[in-house]
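> using only what follows, build the 3D model:
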Amino acid sequence: MTNLLGQNNSPTNKSFPTNIQEGSEKELNKFDGKVVAFDGTIEKIENSRNNTPFYKLKIAGDNYLWTVLMFKNEANKIGDKVRVVGYLRTNEPNEDEKKYLDGKYMVIAFGLIDFNNSNFLFFGGAGQQKQEWIDGKIPSAK
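Model (predicted):
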């Protein structure tokens with residue numbers, strides 16, 4: 001993992017914390033418009049309007065969140081377990097997305113880590129948030 005992050009961005013045992021555990025609507029309501037980080041298993045993949053992956057991520061039980069990445073990711077497939085960080089927003093699907101995008105919320109992810117495959121991806125314009133997450137903090141919404 002250190003090779004992916006570079007020498008100045010070494011992770012510690014506190015790196016990449018999460019703040020969503022179950023993904024229930026009650027839990028998500030507390031984070032509307034804020035930065036969230038959570039673990040999920042990829043159940044379905046669609047192509048977003050920006051030609052980046054749109055994942056249906058199962059969190060716990062029957063709870064899931066549709067999560068669109070702000071970057072390309074060709075490494076992860078259905079069944080992979082990933083940790084993502086991004087902005088929790090109310091769903092506002094376009095015509096194509098209405099076919100699959102259900103639920104009250106979605107996440108616009110600026111970071112993804114796959115511990116099993118040593119895959120760490122981050123949106124280039126989110127350097128501060130990347131460092132905060134590596135340092136063991138939920139990134140700020142700046």
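
> hang on, residue 86 in a strand?
Yes. Under the criterion used here (DSSP: H, G, I helix; E, B strand; the rest coil), residue 86 sits inside a strand.

> quick check: pLDDT value at it.
Note on residue 86: pLDDT of 97.

> spatially nearest residue to it, not counting backbone neighbours?
Leaving aside its chain neighbours, residue 86 sits nearest to residue 109 (3.5 Å; criterion: Cβ to Cβ, 6 or more residues apart in numbering). No exception for glycine: its C-beta is placed from N, CA and C like everyone else's.

> show me which helix runs longest in the protein.
Across the chain, the longest stretch assigned as helix under DSSP state H is helix 127-134.

> ok now that helix, how far from the chain's centre?
14 Å (Cα atoms, centre = their mean, to the nearest Å).

> try stretch 94-109
Stretch 94-109 sits 14 Å away from the centroid of its parent chain (Cα atoms, centre = their mean).

> quick check: buried residues in it?
Using 16 or more other Cβ atoms under 10 Å as the test for burial, stretch 94-109 gives 97, 101, 105, 106, 107, 109.

> nearest to residue 32, of those residues?
Checking the buried residues of stretch 94-109 against residue 32 with Cβ to Cβ, the nearest one is residue 105 at 7.2 Å.

> my read: the closest one touches residue 63, true?
No. Judged on Cβ atoms under 8 Å, residue 105 makes no contact with residue 63 at a distance of 10.7 Å.

> quick one: contacts for the residue nearest the centre of the chain?
Compute the mean C-alpha point of the chain, and by Cα atoms, centre = their mean the closest residue is residue 84, 2.6 Å away. Contacts of residue 84 were listed using Cβ atoms under 8 Å, 6 or more residues apart in numbering, and they are 37, 38, 40, 57, 67, 69, 107, 109, 111, 112, 113.

> which of the helices or strands spans the closest residue to it other than its chain neighbours?
Leaving aside its chain neighbours, residue 84 sits nearest to residue 109 (4.4 Å; criterion: Cβ to Cβ, 6+ apart). In this assignment (DSSP states H and E), residue 109 forms part of strand 105-114.
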